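[1] Sequence first, predicted model second:
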Amino acid sequence: MSAPLSGLRIVEFGNLVAAPYCGMLLADLGAEVIKIEPLGGDLAREIGPFYGEESAFFIAVNRGKKGVAIDAKAPLASTVLRRLCLGADVVLNNLRRGAMERMGLGYRDLSDGGGHVVYASITAFGATGPDADRPGIDLVFQGESGMMSIAGDEGDPPHKTATTIADFVAGTNAALAIVAAIAGGGGRRGGEGRLVEVALRDSLIAVQAGWNAQFFASGNQPERTGTASPVTAPNQSFRTADGYFNVAVVSDRHFAETAKALDLFELGEDPRFGSNALRVENRQALTERLQTVFETRPTDHWIDVLSRAGIPVGRILDLPAVFADRQAQHNEMLVAVEHPRAGSINTQGSPLRVDGSPARSQLPAPFLGQHTREVLTELGITDDEIDDLVRAGEAVE
């Protein structure tokens, strides 16, 4: 069967993570994604580690795309890009506000030119409003979304997540909105233009729905609880004789089964722990009692005991262990790819599955300008014209 987005053409003006990740998700689902880069390339190409001269970071969020490197300010290049965008279903970007308009490729420019594109723009704080022109980056978004105010333990300095989570959440949101716009008649097939806008900071605010609900209900800033859940207990990390593991008890039945499995029948009879609300209120006493038990045996022992009781438990894995994990390998989250310059390398697979198979494009991430000639030729640009662009330093192939 054909991939769900087969036949969809997307032109991506992506830099670093958010739009490139969005474009990769859509490429994994079968869309043709043409990535437009300036002559110096996407800034992600400068981030290591490297396979020779190819950035592993860039490869991680750009598979499945055709790469075009061109100077958008050059007269012929400007004409080429406009023609390419007018013939696309989707134009995607996360450039600074006004950059696309300066190239003559804003939403109104393309709409007035007769294009029926879904125009997707990922911005820092929003396309309009008092902060529309502010530059932003993930650390800033984590700080200004409230995320850093709830991460870590009470009394600790501010914490952030290790990954640039705003980029990946916003990229996923944009992919969802693009598919929705296509389903609603946007793009060449539907014949309508649609404007899609996603803000990175908004994406982080929205993903904290549970914490936001606590604030809305109480009017108070939620307490920082480290690895513990603020709404169920015990639901957190515990130290064992040889490391740490996670235990998630989310119902009274689970708690009764946990007490039984651990031979801690007195916990089930303790009035302080008689309901989830009481266990949350008395979390510290409950945690201290369980901790004295868990630290007597190794992690594998407790994983076995609680798993047999039907309690959600799990190890805390480092990345070598993650990609050696049997289930992760079964789900094809470790993928070996052949890159034309980097050679045979590993990358992460797609979390999406369609008809029982992982959603994954067969194309590796492009090297800079790899498909410049191919894409321009399809637009009717002659080889001599392309040669002139390259000689003039206005395109890379």
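    Sure thing, it's come through.
[2] list the contacts for residue 154?
    When contacts are counted by C-beta atoms under 8 Å, 6 or more residues apart in numbering, residue 154 is found next to 223-225. Heads up, the C-betas are built off the backbone N, CA and C, glycines and all.
[3] Which strands and helices lie in contact with the longest helix along the chain?
    Using DSSP state H, we find that the single longest helix of the chain is helix 165-183. Packing partners of helix 165-183 (3 or more C-beta pairs under 8 Å, 6 or more residues apart in numbering; DSSP states H and E): helix 18-28, strand 90-93, strand 118-123, helix 138-144, helix 187-190, strand 194-199, helix 200-207.
[4] ok, so of the contacts of residue 154, who is nearest residue 122?
    residue 224 (29.5 Å; C-beta to C-beta).
[5] I'd say residue 390 and residue 384 touch.
    No. Using C-beta atoms under 8 Å, residue 390 makes no contact with residue 384, being 10.8 Å away.
[6] Between those two, which is the more surrounded one?
    Comparing residue 390 with residue 384 by other C-beta atoms under 10 Å, the one with more neighbours is residue 390, at 17 against 8.
[7] how about that one, what does it touch?
    372, 396-397.
[8] ok so, going back, kindly supply the PyMOL command isolating those of the contacts of residue 154 that are buried.
    Burial among the contacts of residue 154 is assessed by 16 or more other C-beta atoms under 10 Å; the matching PyMOL selection reads:
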select buried, resi 224+225
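[9] Residue 12 belongs to a strand?
    Yes. Counting by DSSP: H, G, I helix; E, B strand; the rest coil, residue 12 is located in a strand.
[10] what's the burial count for it?
    31.
[11] Could you do the one 4 residues further on as well?
    The burial count assigned to residue 16 is 21, neighbours taken as other C-beta under 10 Å.
[12] picking that back up, by mean pLDDT, show me the worst of the helices and strands packed on helix 165-183.
    For the helices and strands packed on helix 165-183, mean pLDDT drops lowest on helix 187-190, to a mean of 83.
[13] Tell me the buried residues in that helix?
    For helix 187-190, by 16+ other C-beta under 10 Å, it's 187-188, 190.
[14] Stretch 294-312 too?
    Applying 16+ other C-beta under 10 Å to stretch 294-312 flags 294, 299, 302-303, 305-306, 309, 311 as buried.
[15] Any idea how far apart the tips of it sit?
    In stretch 294-312, first residue to last residue: 15 Å (C-alpha to C-alpha, to the nearest Å).
[16] Over to stretch 120-135?
    Length of stretch 120-135, first residue to last, C-alpha to C-alpha: 19 Å.
[17] Mind listing residues that contact that stretch?
    Residues outside stretch 120-135 that contact it (C-beta under 8 Å, 6+ apart): 18-19, 22, 90-94, 96-97, 100, 107, 136, 140-141, 170-171, 174, 177-178, 181, 195-202.
[18] List the buried residues for stretch 278-295?
    279-280, 282-283, 286-287, 289-290, 294.
[19] can you check stretch 92-105 too?
    Quick answer for stretch 92-105 (16+ other C-beta under 10 Å): 92-95, 97, 100, 103, 105.
[20] Would you check which pair of these lies furthest apart?
    Longest distance between any two of these is 15.4 Å, between 92 and 97; criterion C-beta to C-beta.
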